[in-house]
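Trainee: coordinates for the following, if possible.
(one chain, ligands or ions: 2)
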Amino acid sequence: MKNFIKGLPKVELHLHIEGTLEPELMFELAKRNKISIPFSSPQAVREAYQFHNLQSFLDIYYQGANVLITEQDFFDLTWAYLLRCKQDNVVHTEIFFDPQTHTDRGIAFKTVIDGITRALRQAKEQLDISSQLIMCFLRHLDEEAAFATLQQALPYKDQIIAVGLDSSEQGHPPEKFARVFEAARNAGFLTVAHAGEEGPAQNILDAIYLLGVSRIDHGVRCVESTELVQQLAESRMPLTVCPLSNIKLKVFEDMAQHNIVDLLETGLCVTINSDDPAYFGGYMTDNFVAVADAHPLTRQQLAQFSLNAIEASFIEHPQKATLS
Ligand code: ADE
Ligand code: ZN
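Mentor: Ligands and ions are numbered 1, 2, ... in the order given. Below you'll find the predicted structure:
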């Protein structure tokens with residue numbers, strides 16, 4: 001089964017580029033940029049990755065991003081991820097970036113996006129991997145900061161397909177960003193949002209109705225409402241599920257308890273994704289294998305995850321024509 005999974009063409013729809021920062025590259029960039037980090041070795045960094053919930057992860061994750069300073073750093077980060085995509089036969093990827101994590105440290109928006117998009121263009125030419133870019137607002141920051149970030153993104157509209165919403169879900173519901181998402185949609189961006197990862201099923205409904213999303217990121221807590229599950233199945237609203245992330249952040253006790261296979265069998269458009277692979281112990285193939293090891297799955301079902309991801313992707317979306 002491992003060989004079948006490795007060879008299966010894959011599409012990744014839920015990947016934070018800052019979450020691909022491997023400890024070795026973190027050390028290299030810290031040295032290059034003369035930034036001190038509170039770890040003695042890459043191994044010590046890995047040992048510190050013991051999380052008990054989303055917030056305990058985010059605290060370490062935002063600290064890690066401090067080593068990213070120059071356009072070359074953002075290029076190197078993205079290129080390393082794309083080489084991993086090639087190994088895992090990921091043929092298309094839709095990547096989140098969090099500009100506020102960087103602009104709040106004085107790094108220019110242009111530096112971030114130029115480095116990432118240079119790597120994406122090179123991947124199309126040299127690796128035959130296609131991609132889209134999704135700009136996320138940090139939901140623990142306020143609406144005004146999100147509006148300012150949207151403003152900064154407008155000159156790069158042709159390089160950003162959608163806006164998203166990430167960071168601490170608890171205490172920061174979708175309604176906080178209803179107006180900025182409306183402005184983003186009016187500017188021609190598609191929308192997605194993290195919802196129902198740690199937060200309640202109501203956040204999924206609010207992301208759909210208040211934020212107008214085309215996909216729900218995570219969404220695994222939909223099972224708390226049978227009516228919602230039925231609605232998601234009927235509408236084929238995609239859920240970008242991240243199995244290893246959910247175990248590391250204690251959303252489920254172990255992979256055998258994970259509901260992704262139940263959701264697949266109920267007819268939802270569920271997909272498998274890696275979220276923050278450098279922090280959660282695995283890229284795309286690892287996530288597929290972890291699910292297949294814990295649940296009896298046929299090859300047809302494994303392939304269905306890829307078919308769902310193609311259906312859910314923003315590849316050649318007609319909306320793109322309006323983004324210039
Ligand atoms: N940012 C990076 N990974 C995240 C996750 N799993 N949930 C919310 N925000 C994130
Ligand atoms: Zn995520």
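Trainee: so what's the closest residue to ligand 1 within the chain up against?
Mentor: The minimum distance from the chain to ligand 1, using C-beta to the nearest ligand atom, falls at residue 166 (3.6 Å). Quick note: C-beta positions are derived from backbone N, CA and C, even for glycine. Taking C-beta atoms under 8 Å, 6 or more residues apart in numbering, we find residue 166 in contact with 16, 96, 98, 136-139, 194, 217.
Trainee: ditto for residue 253
Mentor: Residue 253 touches nothing, counting by C-beta under 8 Å, 6+ apart.
Trainee: could you rerun that using 10 Å?
Mentor: If you count contacts by C-beta atoms under 10 Å, 6 or more residues apart in numbering, residue 253 has them with residue 247.
Trainee: mind checking how far it is from residue 247?
Mentor: Look at residue 253 and residue 247: by C-beta to C-beta, to the nearest Å, they are 8 Å apart.
Trainee: same check, this time on residue 187
Mentor: Distance from residue 187 to residue 247, by C-beta to C-beta: 37 Å.
Trainee: of these two, who's got more company?
Mentor: Ranked by neighbour count (other C-beta atoms under 10 Å), residue 187 and residue 247 place residue 247 first, with 19 against 15.
Trainee: residues from the stretch 201-324 of the chain in reach of ligand 1?
Mentor: 245, 275-276 (C-beta under 6 Å from any ligand atom).
Trainee: at 8 Å what do you get?
Mentor: With C-beta under 8 Å from any ligand atom as the criterion, the stretch 201-324 of the chain comes near ligand 1 at residues 217-218, 242, 245, 249, 275-276.
Trainee: what pairs with the one helix or strand residue 240 maps to, parallel or antiparallel?
Mentor: Per DSSP states H and E: residue 240 is located in strand 239-241. With DSSP bridges as the test, strand 239-241 is paired with strand 215-218 (parallel), strand 270-272 (parallel).
Trainee: beyond the shortest one, next helix or strand please.
Mentor: Stepping forward along the backbone from strand 270-272, the first helix or strand reached (DSSP H and E) is helix 277-280.
Trainee: report the rounded mean pLDDT for that following helix.
Mentor: Mean pLDDT, computed over helix 277-280, is 98.
Trainee: would you mark the buried spots in whichever helix or strand residue 227 is part of?
Mentor: If you go by DSSP H and E, residue 227 is part of helix 226-235. Within helix 226-235, the residues scored as buried using 16 or more other C-beta atoms under 10 Å are 228-229, 232.
Trainee: what does stretch 109-121 give?
Mentor: Buried-residue list, stretch 109-121, by 16+ other C-beta under 10 Å: 109, 111-120.
Trainee: kindly report the same for stretch 208-227.
Mentor: Those would be 208, 210-211, 213-222, 225, for stretch 208-227 by 16+ other C-beta under 10 Å.
Trainee: can you redo those residues as a markdown table with distance to residue 172 and pLDDT?
Mentor: Shown next, in a markdown table, are those (distance: C-beta to C-beta, whole Å; pLDDT from 0 to 100):
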| residue | distance to residue 172 | pLDDT |
| --- | --- | --- |
| 208 | 17 | 98 |
| 210 | 13 | 98 |
| 211 | 13 | 98 |
| 213 | 16 | 98 |
| 214 | 21 | 98 |
| 215 | 19 | 98 |
| 216 | 16 | 98 |
| 217 | 14 | 98 |
| 218 | 14 | 98 |
| 219 | 17 | 98 |
| 220 | 18 | 98 |
| 221 | 15 | 98 |
| 222 | 19 | 98 |
| 225 | 21 | 98 |
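Trainee: what lies in contact with the helix holding residue 227?
Mentor: Under C-beta under 10 Å, 6+ apart, the answer for helix 226-235 is 196, 201-202, 204-205, 208, 216, 219, 221-223, 225, 237-239, 259, 262-263, 266-270.
Trainee: in helices, which of those residues fall?
Mentor: 201-202, 204-205, 208, 262-263 (DSSP state H).
Trainee: nearest to residue 80 among the buried residues of helix 226-235?
Mentor: Nearest to residue 80 among the buried residues of helix 226-235: residue 232, at 34.3 Å, using C-beta to C-beta.
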